[in-house]
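A.B. asks: Quick one, structure for this:
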Amino acid sequence: MKILLDLSKHCIETESKRIYEESLTQYFKAPDSKRPGLEEKIEGFRNFLEYSDFNYLRNSHPALAGTEGGKAVLDLLGLDLFEIEIDGTFYKPQKKERQ
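C.D. replies: Sure thing, here's the model as predicted:
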């Protein structure tokens, strides 16, 4: 599932949390026919938010840090498989270290 991220006002972590929360809100208002797609999106973002080392991502590209306005495409490939594309360059999130 590919999702466009608007990074013009904030970093990838903040934008991902925003979309996750927006999707939860939509889920509870949606008819039953729309819920499976939203469930997939919610689960994908939950995994992405839990798995990813956002410090690493923010240091990978200025747009991911929110310091250089732009857009990115997040591809939720499954469980802990993610890919982020910015202007034809692909980034693979690293797993965050547990403390």
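
A.B. asks: Show the end-to-end separation of stretch 87-94, please.
C.D. replies: This stretch, stretch 87-94, spans 20 Å end to end (CA to CA, to the nearest Å).

A.B. asks: list the buried ones in that stretch?
C.D. replies: Tyr91, Pro93 (16 or more other CB atoms under 10 Å). Every C-beta, even on glycine, is put in place using the N, C-alpha and C of the backbone.

A.B. asks: what's the answer for stretch 64-76, then?
C.D. replies: Leu64, Ala65, Gly66, Gly70, Ala72, Leu74, Leu76.

A.B. asks: The spatially most central residue of the chain: what secondary structure?
C.D. replies: The residue lying closest to the centre of the chain (CA atoms, centre = their mean) is Ser16, at 4.2 Å. With DSSP: H, G, I helix; E, B strand; the rest coil as the basis, Ser16 sits in helix.

A.B. asks: Can you flag which of the buried residues of stretch 64-76 belong to helices?
C.D. replies: Within the buried residues of stretch 64-76, residues falling in helices by DSSP state H are Leu64, Ala65.

A.B. asks: Keeping just the C-alphas, turn stretch 18-34 into PDB.
C.D. replies: Included here for stretch 18-34 are C-alpha records, laid out as PDB according to Å, rounded to 0.1, in the frame of the first residue of the first chain:
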ATOM      1  CA  ARG A  18      -1.100  12.300  11.900                       C
ATOM      2  CA  ILE A  19      -2.200   9.900   9.100                       C
ATOM      3  CA  TYR A  20      -2.500   7.000  11.600                       C
ATOM      4  CA  GLU A  21      -4.800   9.000  13.900                       C
ATOM      5  CA  GLU A  22      -6.800  10.400  11.000                       C
ATOM      6  CA  SER A  23      -7.300   6.800   9.700                       C
ATOM      7  CA  LEU A  24      -8.500   5.600  13.100                       C
ATOM      8  CA  THR A  25     -11.100   8.400  13.200                       C
ATOM      9  CA  GLN A  26     -12.200   7.600   9.600                       C
ATOM     10  CA  TYR A  27     -12.500   3.900  10.600                       C
ATOM     11  CA  PHE A  28     -15.100   4.500  13.200                       C
ATOM     12  CA  LYS A  29     -17.200   6.700  10.900                       C
ATOM     13  CA  ALA A  30     -16.800   4.500   7.800                       C
ATOM     14  CA  PRO A  31     -19.400   2.000   6.500                       C
ATOM     15  CA  ASP A  32     -18.500  -1.700   6.800                       C
ATOM     16  CA  SER A  33     -17.500  -1.800   3.100                       C
ATOM     17  CA  LYS A  34     -14.600   0.700   3.700                       C
END
